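Chemist: Okay, here's the prediction I keep looking at, along with the sequence it came from:
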Amino acid sequence: MPKTLRIATRQSQLALWQARHVQARLAVALPETTVELLPIRTEGDRVTDRPLSAIGGKGLFLKELEAAMANGEADLAVHSMKDVPAELPEGFVLPVVLAPASPLDAFVSNTYDNPEAMPAGAIVGTSSLRRSAMIKHLRPDLEIRNLRGNVQTRLAKLDAGEYDAILLACAGLERLELAARIRSELTPEQSLPAIGQGVLGIEIRVGDDETAAAIAALDDEYTHVRIDAERAVNSRLEGSCHLPIAAHATHDGVTLRLRACVGRPDGSEMVRDEISGPVDEAAALGHALAERLLVAGADRILADLG
Ligand SMILES: NCc1[nH]cc(CCC(=O)O)c1CC(=O)O
């Protein structure tokens, strides 16, 4: 086992919580190994005045962490799987996913209990094209305004009265001990979660067998199947950017149920479908479902988004 392992991490409170969580899990699994954090500032954190989709998408949060692994300063990086693009850059693998927190979206408001309770014209904050598509499909009469920044910044903007409600991930709020801010959990029918939402993954260098062996015990089998199915949807749809694509898988160890949808961010169109099959065909089910969505019109929606 390695003497030390270094975890490259972003510096937001959520990223630090996630890295410390993995640090603590590794400390238990590898009592002989010292596990350190290497905090890094990424471009996705520096640029907060424009939507992610406009500045290059999800990969922005990973690049600097991967550079630290490539030059040997760090051995692993911890990611919210939701922020990991369908294709990793050459030289990196993501062999371990941890047991999940809640996959659901949270409705957060100081005034309203749920989306149904909001009056026409109420203002909802989100920078996610997926959440925008979901909420506008549910309530075309609501107005979406862009909202970026880390979780605390977003809550502060809500509290300052800039929005009537905002949409966040339940998992992030729970990790930051802010679950009391969740007014309602949106069901998968109201808002189908993002691919990988609520799941942490560990990325390492290809060929780093020592680190791979050290982290292997943290992998959660249930979650691994779920992620294989959900990420297969994304790889077929080429969802490498921040697109209005949702996919959510559940299974009982034998049969997998995978739901997915692609929607227009203005809510005017939503292509939804689901598929069931054996868990050991998770990736094939994901590809097949993505294919069906494309035939049903997702190809046009994605093409219109450029
Ligand atoms: N894009 C930011 C991000 N990445 C992961 C989470 C939450 C935790 C998770 O989904 O694992 C969040 C915040 C949010 O969407 O509210």
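Modeler: The structure has been received and is ready for your questions. Numbering: from 1, shown residues only.

Chemist: OK, contacts around residue 106?
Modeler: 167, 168, 169, 170, 173, 181, 182, 183, 184, 185, 186 (CB atoms under 8 Å, 6 or more residues apart in numbering). Where C-beta positions appear, they are placed from N, C-alpha and C, glycine not excepted.

Chemist: The fifth one reaches residue 182, doesn't it?
Modeler: What it means is residue 173. Yes: in this structure residue 173 lies within contact range of residue 182 using CB atoms under 8 Å: 5.8 Å.

Chemist: joint contacts of those two?
Modeler: 106, 108.

Chemist: Would you state the strands of the stretch 151-300 of the chain in chain order?
Modeler: Ranges of strands within the stretch 151-300 of the chain are 165-169, 184-186, 200-205, 245-251, 255-263, 270-278, based on DSSP state E, counting those that start in this stretch.

Chemist: model confidence over the first one, on average?
Modeler: Across strand 165-169, the average pLDDT comes to 98.

Chemist: Tell me if it is near the ligand.
Modeler: Yes: using CB under 6 Å from any ligand atom, we find that strand 165-169 touches the ligand at 168, 169.

Chemist: still on that earlier bit, using TSV, lay out the contacts of residue 106 together with neighbour count.
Modeler: What follows is the contacts of residue 106, written out as TSV (neighbours: other CB atoms under 10 Å):
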residue	neighbour count
167	26
168	23
169	24
170	23
173	21
181	17
182	19
183	17
184	20
185	16
186	22
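
Chemist: Make JSON lines from the strands of the stretch 151-300 of the chain and add distance to residue 72 to it.
Modeler: Formatted as JSON lines, the strands of the stretch 151-300 of the chain follow (distance: least, CB to CB, whole Å):
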{"stretch": "strand 165-169", "distance to residue 72": "33"}
{"stretch": "strand 184-186", "distance to residue 72": "42"}
{"stretch": "strand 200-205", "distance to residue 72": "9"}
{"stretch": "strand 245-251", "distance to residue 72": "35"}
{"stretch": "strand 255-263", "distance to residue 72": "38"}
{"stretch": "strand 270-278", "distance to residue 72": "41"}
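
Chemist: Indicate which one of those strands is closest to residue 193.
Modeler: strand 245-251 (4.9 Å; CB to CB).

Chemist: Listing partners with orientation, what would you give for that closest one?
Modeler: Its sheet considered, strand 245-251 pairs with strand 255-263 (antiparallel) by DSSP bridges.

Chemist: which parts of the partner strand are buried?
Modeler: 256, 258, 259, 260, 261, 262, 263 (16 or more other CB atoms under 10 Å).

Chemist: One more: stretch 8-25?
Modeler: If you call a residue buried by 16+ other CB under 10 Å, then stretch 8-25 has these buried ones: 8, 9, 10, 12, 14, 15, 16, 18, 19, 22, 23, 25.

Chemist: Show me the strands in the stretch 1-150 of the chain, by range?
Modeler: Under DSSP E, counting those that start in this stretch, the stretch 1-150 of the chain gives strands at 4-9, 34-39, 76-80, 92-97, 105-108, 123-125, 143-145.

Chemist: Just send these back as CSV, with mean pLDDT too.
Modeler: Converted to CSV, these look like this (pLDDT from 0 to 100):
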stretch, mean pLDDT
strand 4-9, 97
strand 34-39, 97
strand 76-80, 96
strand 92-97, 98
strand 105-108, 98
strand 123-125, 98
strand 143-145, 97
